[in-house]
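*Asks:* Fold the following.
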Amino acid sequence: MARRPALIKRKPKATRVSKSQEYLVNKKHLGDEPVFTKPLTRIEYIHSLNWYNYMATSAEAKDYIVTYLKNLGRVAEAKKVKSIPDNLIPTTIAWCCRLLSRGFVLPVVDIQSYIDERIKQSYKYVQEIKEETPKNVVSIQDRIKERASFIVGEIEGLIDDYIYDNVEFSLYEWLQANSIPATYATSIISKFSPVLDELLEAYDGKCEQLKEGYRHLKKTEIKKLIDFYNTLIEDAERYSSNTKKVRTSRKPRTVSVEKKIKNLKYQKEDQTYKIASISPEKIIGAMELWTFNTKYKTITRLVAIDRGGLQVKGTSISNYCESTSTTRSMGRKDPNEIVKRILEGGKLVLRKIFDDFKTDKPLAYRINENTILLRVIT
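*Replies:* A predicted model of the protein is given here:
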């Protein structure tokens, strides 16, 4: 007889642990990167390798080998190692390179030959790198990280040329010439700031490990590198600041005339005074607009504030000059006569119309169903 699902004992669901959580757990039990003041014993050497196995990544392993080769002046080999995929890097050799770069003495006979042999064996993977099939959807964050990694890699190549071949270059000019967005300046600064800090500490000579690690350089050479990396970071900061300042603002989207006037409510025709409104499209860009409110018998003159002319926004007229625009009541004057003068008169006639009635009213810049659009002046 089949058992009921409720009676079946289920396995507890495994809790997923992120890489950062795993790192913190390992660090709690293993501590910080090992430090030694004497030549390593066999046990200390094994403990060190175990520490790097748990705490360091494949990408860091590659950096350890590259740094080791650069310290020995083997730049061409360092560039080859950079081309090897992270998962094919010989990690044990990388840990040894890290320990040697930090100035420690290892309890291994002929360690130099062993490291060189294993590094040479890894060169076969340089030509076998296969490009990953691009995914259908790539997030913006991934694209930024990929581009930032490429830019930093290019700069590292220029730095190698400067250090080993004395090829001068300006990071600011390089960023300008390649039109690098200011966003990537932060990645450049965060990449090379730790290098500058390490050089400053090595120059002070207080840390024995760094003092041993940079023993192949004279103090004047370290000072030169400090000045170089300091200029590098300052160029990135200045480029970021200047690029943001000259960033052009986005142009406003062009709105069609039909869309501007679609909400404008006006009186199309009035049978009492036998008048009709002009097309509201003519208001856009006009220098003056004359309107007549058939309910309150008021005349309004709206004058544009600049050469852009009058505009329509919702049910209102915009871009008018408040000091020269006017709304006045006709009082007992004959509306037919006033309207006729507005429709047929020239500029001189229009200028004198308000002389006949001087009762000011609140400016009627809003157009409603009682407003006739009499005339525009362009």
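*Asks:* Return the residues in contact with residue 189.
*Replies:* Residue 189 makes contacts with 233, 236-237, as judged by Cβ atoms under 8 Å, 6 or more residues apart in numbering. No exception for glycine: its C-beta is placed from N, CA and C like everyone else's.
*Asks:* wait, residue 67
*Replies:* Counting by Cβ under 8 Å, 6+ apart, residue 67 has contacts 97, 101.
*Asks:* where exactly do the helices run in the stretch 251-378 of the chain?
*Replies:* Counting by DSSP state H, counting those that start in this stretch, one finds helices in the stretch 251-378 of the chain at the ranges 257-261, 335-344, 347-352.
*Asks:* right, and these - which one's nearest residue 219?
*Replies:* Nearest of the helices of the stretch 251-378 of the chain to residue 219, taken as Cβ to Cβ: helix 257-261 at 71.2 Å.
*Asks:* Beyond the helix or strand where residue 64 lies, next helix or strand please.
*Replies:* Using DSSP states H and E, residue 64 sits in helix 58-71. Per DSSP H and E, the first helix or strand lying C-terminal to helix 58-71 is helix 75-82.
*Asks:* Check the average confidence over the helix holding residue 64, would you?
*Replies:* For helix 58-71, mean pLDDT rounds to 92.
*Asks:* one step back: pipe the helices of the stretch 251-378 of the chain into a markdown table and attach mean pLDDT per row.
*Replies:* Listed next are these as a markdown table, based on pLDDT from 0 to 100:
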| stretch | mean pLDDT |
| --- | --- |
| helix 257-261 | 87 |
| helix 335-344 | 88 |
| helix 347-352 | 84 |
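*Asks:* where are the low-confidence patches of the stretch 151-300 of the chain?
*Replies:* 244-251 (pLDDT under 70).
*Asks:* mind listing the strands for it?
*Replies:* 269-270, 275-276, 288-293, 298-303 (DSSP state E, counting those that start in this stretch).
*Asks:* Return the distance of the first one from the chain's centre.
*Replies:* What that stands for is strand 269-270. 57 Å (Cα atoms, centre = their mean, to the nearest Å).
*Asks:* just checking, what packs against it?
*Replies:* strand 275-276 (3 or more Cβ pairs under 8 Å, 6 or more residues apart in numbering; DSSP states H and E).
*Asks:* same deal with the third one?
*Replies:* Helices and strands touching strand 288-293, by 3+ Cβ pairs under 8 Å, 6+ apart, are strand 298-303, helix 335-344, strand 371-377.
*Asks:* Can you tell me which of the contacts of residue 189 is nearest residue 32?
*Replies:* The closest of the contacts of residue 189, once distances to residue 32 are taken by Cβ to Cβ, is residue 233, at 26.5 Å.
*Asks:* just checking, residue 107 touches residue 38?
*Replies:* No. In this structure, residue 107 is not within contact of residue 38 by Cβ atoms under 8 Å, at 11.0 Å.
*Asks:* more crowded one of the two?
*Replies:* Taking other Cβ atoms under 10 Å, residue 107 and residue 38 do not tie; residue 107 has more neighbours (13 against 8).
*Asks:* Neighbour-wise, give me the winner out of the contacts of residue 189.
*Replies:* Neighbour max across those (other Cβ under 10 Å) = residue 236, 26 neighbours.
*Asks:* how much space between that one and residue 183?
*Replies:* 12 Å (Cβ to Cβ, to the nearest Å).
*Asks:* how far away is the residue sitting nearest the centre point of the chain from residue 147?
*Replies:* Taking Cα atoms, centre = their mean, the centroid of the chain lies closest to residue 183, which sits 4.4 Å from it. Per Cβ to Cβ, residue 183 is found 9 Å from residue 147.
*Asks:* next one: residue 184
*Replies:* In terms of Cβ to Cβ, residue 184 sits 7 Å off from residue 147.
*Asks:* and those two? which has more neighbours close in?
*Replies:* residue 184 (19 against 15).
*Asks:* and that one, what does it touch?
*Replies:* With contact taken as Cβ under 8 Å, 6+ apart, residue 184 is in contact with 144, 147-148, 151.
*Asks:* rewinding a little: how about the helices of the stretch 251-378 of the chain, which one is nearest residue 377?
*Replies:* helix 347-352 (7.6 Å).
*Asks:* That's all I had, so thanks and see you.
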